[in-house]
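J.: Okay, predicted coordinates and the sequence, questions at the end:
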Amino acid sequence: MAGNADKNRGTMSTQLLKGQKALVTGANSGIGLATAVALGRAGADVVVNYVVGADEAEKVVAQIEGFGVRAYAHEADVSDEDQVVAMVARMVEEFGTIDIMVANAGLQRDAPVAEMTLAHWQKVIDVNLTGQFLCAREAVKEFMRRGVVEEVSRSAGKIICMSSVHQVIPWSGHVNYASSKGGVGMLMQTLAQELAPKGIRVNAVAPGAIRTPINRDAWSTPEAEADLMRLIPYRRVGDPDDIANAVVVLASDMLDYVVGTTLFVDGGMTLFPGFATGG
């Protein structure tokens with residue numbers, strides 16, 4: 001997927017984030033990769049977080065540096081408190097601060113509920129929900145220490161939580177994943193309510209069906225993609241850049257008055273298309 005971020009349609013090219021410092025978790029593949037590249041293209045210096053896949057992370061760093069900004073890769077498990085604390089501390093040391101935290105890292109461990117192990121439940125909650133809490137908390141500490149720097153941004157900092165349409169759509173066989181994303185929605189709103197008076201904007205992006213390695217089976221054959229179209233009124237599967245572009249604009253001052261909102265980027269999947277001809 002490393003080369004796709006520049007090939008996909010509709011990439012952002014303006015310097016909306018010039019001079020800002022961003023950290024993207026889970027940034028060596030899929031949506032995280034495209035987001036990290038898009039932030040670099042928009043003028044931000046970027047930390048590329050990963051937990052496995054160092055070579056892929058370094059390729060993302062090289063691609064970002066091609067835009068004339070700074071980047072480096074940092075290995076850290078977002079569910080480990082000490083590793084998250086160290087990751088943000090290093091970023092502040094290397095880049096001077098952090099302006100944008102994109103809490104993107106996530107995974108699936110799917111099974112029917114009667115067969116789901118506690119370990120699989122806990123792993124998904126630890127990474128998808130607790131990991132976002134830890135990343136947000138450490139970013140907030142630096143946002144509050146630094147405050148607003150008017151020539152950089154109107155806000156003291158931006159947190160963007162990567163959610164999912166399954167924040168609101170139940171998903172049989174994926175109770176741990178859907179529960180984690182439902183939790184992300186309320187985590188985001190509660191943080192937004194608490195932090196808005198401090199000049200910190202917290203929002204979420206909720207992807208629908210996106211062409212990433214995590215869901216390749218859902219779109220990799222013509223038959224699978226045709227079946228998927230039943231769920232997407234807009235009649236196409238999304239690309240990682242569809243999400244990345246949303247993150248860039250949401251992190252910019254163009255949407256400075258947007259606080260506590262989940263932006264669904266899903267081709268209309270949350271319109272419940274099964275009810276379009278009945279109900």
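T.: Noted; the coordinates are in hand.

J.: For the stretch 151-279 of the chain, just list every one of the helices.
T.: 175-195, 222-228, 240-251 (DSSP state H, counting those that start in this stretch).

J.: Where does the prediction get shaky in the stretch 151-279 of the chain?
T.: Applying pLDDT under 70 to the stretch 151-279 of the chain flags the ranges 216, 218-220, 279.

J.: Over to the stretch 1-150 of the chain?
T.: Using pLDDT under 70, the stretch 1-150 of the chain drops low at 1-13.

J.: one step back: determine which stretch of the helices of the stretch 151-279 of the chain is the most buried.
T.: helix 240-251 (a mean of 24; mean count of other Cβ atoms under 10 Å). Glycine gets a C-beta too; all of them are placed from N, C-alpha and C.

J.: Show me what that one is packed up against.
T.: helix 4-7, helix 30-41, strand 100-103, strand 157-162, strand 200-207, strand 262-265 (3 or more Cβ pairs under 8 Å, 6 or more residues apart in numbering; DSSP states H and E).

J.: Next, the angle strand 200-207 makes with it.
T.: Put simply, helix 240-251 runs at 160 degrees to strand 200-207, going by axes from the mean of the first three to the mean of the last three Cα atoms, to 10 degrees.

J.: what angle separates helix 240-251 from helix 30-41?
T.: 50 degrees.

J.: before we move on, the earlier item: can I get the helices of the stretch 151-279 of the chain in CSV with distance to Arg201?
T.: Formatted as CSV, the helices of the stretch 151-279 of the chain follow (distance: least, Cβ to Cβ, whole Å):
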stretch, distance to Arg201
helix 175-195, 7
helix 222-228, 33
helix 240-251, 9
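
J.: Quick one: closest of those helices to Glu75.
T.: Each of the helices of the stretch 151-279 of the chain has some distance to Glu75 by Cβ to Cβ; the shortest is helix 240-251, at 21.5 Å.
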